[in-house]
Every structure is written in structure tokens, then in C-alpha cells.
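J.: How does the following fold in three dimensions:
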Amino acid sequence: MLKPIFTEKSLREAKLGNYTFRVDNHMNKKQIAVKVEQLFDVKVTAVRTTKTGPEKGKNAKGRKFSVGMAKKAIVTLKSGDKIDVFEEGKK
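T.: Now for the predicted structure:
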């Protein structure tokens with residue numbers, strides 16, 4: 001599983017060549033790099049990963065909820081390479 005994350009921060013980083021994806025918890029950095037290279041036909045130079053822990057809380061009605069653990073990967077590409085999914089549309 002490899003899903004792009006679209007936030008203001010991730011789009012700002014994408015302009016600098018750092019692309020953010022949500023990945024499976026069991027994937028390591030080498031597997032992430034190979035997958036990105038295969039899917040987008042680019043050259044990956046570095047991969048940084050971070051895990052966000054499970055979160056618990058209450059919603060507005062007082063019902064309890066929990067969000068499972070997730071893993072995020074920030075992929076740095078060779079200069080000149082781009083991933084078109086992250087390009088902002090022109091207005």
C-alpha cells in the first residue's frame with residue numbers, strides 16, 4: 001500500500017523534492033524506495049520514515065473512538081525528477 005498524503009506541509013515539501021506517502025507498517029525503507037521507483041519511474045535518493053501511534057479520544061457526542069497506528073514515509077528524489085500527482089493545478 002502506498003498512498004500520497006496531501007496536506008499544506010506535504011505540498012510545500014513536494015516543491016523541494018520531498019514527497020510524503022502513507023505506507024504499510026511492515027514495509028522497510030528499501031521496499032518503499034523500490035515501490036516508488038517502480039510506480040512513478042523516478043530515482044529515489046533517500047527515505048525517511050516515522051510512525052504515528054494509536055490515538056484514542058472522544059467525539060462531540062461523547063462516543064469513544066480510536067485511530068490505529070500508521071507509518072509515513074518521506075521520499076527524496078534525484079534533482080530534476082518529479083511525481084506529477086503532487087503538482088498543484090494552475091488557476
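J.: Against residue 34, how distant is residue 61?
T.: Applying Cβ to Cβ, to the nearest Å, the value for residue 61 to residue 34 is 44 Å. (Glycine included, C-beta is placed from N, CA and C.)
J.: bridging residues for the residue nearest the centre of the chain?
T.: Against the mean C-alpha coordinate of the chain, by Cα atoms, centre = their mean, the closest residue is residue 21 at 1.5 Å. Beta-bridge pairing of residue 21 under DSSP bridges involves residue 4, residue 73.
J.: Quick one: residues contacting it.
T.: Shown in contact with residue 21 (Cβ atoms under 8 Å, 6 or more residues apart in numbering): 2, 3, 4, 5, 32, 36, 72, 73, 75.
J.: Most neighbours of all the residues you listed, which one?
T.: residue 75 (26 neighbours; other Cβ atoms under 10 Å).
J.: Excluding chain neighbours, what is closest to that one?
T.: Excluding the flanking residues, the one nearest residue 75 by Cβ to Cβ, 6 or more residues apart in numbering is residue 19, at 4.9 Å.
J.: Let me know the average pLDDT across the helix or strand harbouring that neighbour.
T.: Taking DSSP states H and E as the definition, residue 19 sits inside strand 18-23. The average pLDDT within strand 18-23 is 95.
J.: can you pull the buried residues of whichever helix or strand comes after that strand?
T.: Going down the chain from strand 18-23, the next helix or strand is helix 29-40, by DSSP H and E. Across helix 29-40, burial judged by 16 or more other Cβ atoms under 10 Å covers 32, 33, 35, 36, 40.
J.: try stretch 42-60
T.: Those would be 42, 44, 47, for stretch 42-60 by 16+ other Cβ under 10 Å.
J.: I'd like to know which of these are part of helices.
T.: Judged by DSSP state H, helices contain none of these.
J.: which among the residues you listed gets closest to residue 81?
T.: Ranked by distance to residue 81 (Cβ to Cβ), the buried residues of stretch 42-60 are led by residue 42 at 4.1 Å.
J.: show me what contacts the closest one?
T.: Residue 42 makes contact with 36, 77, 78, 81, 82, 83, according to Cβ under 8 Å, 6+ apart.
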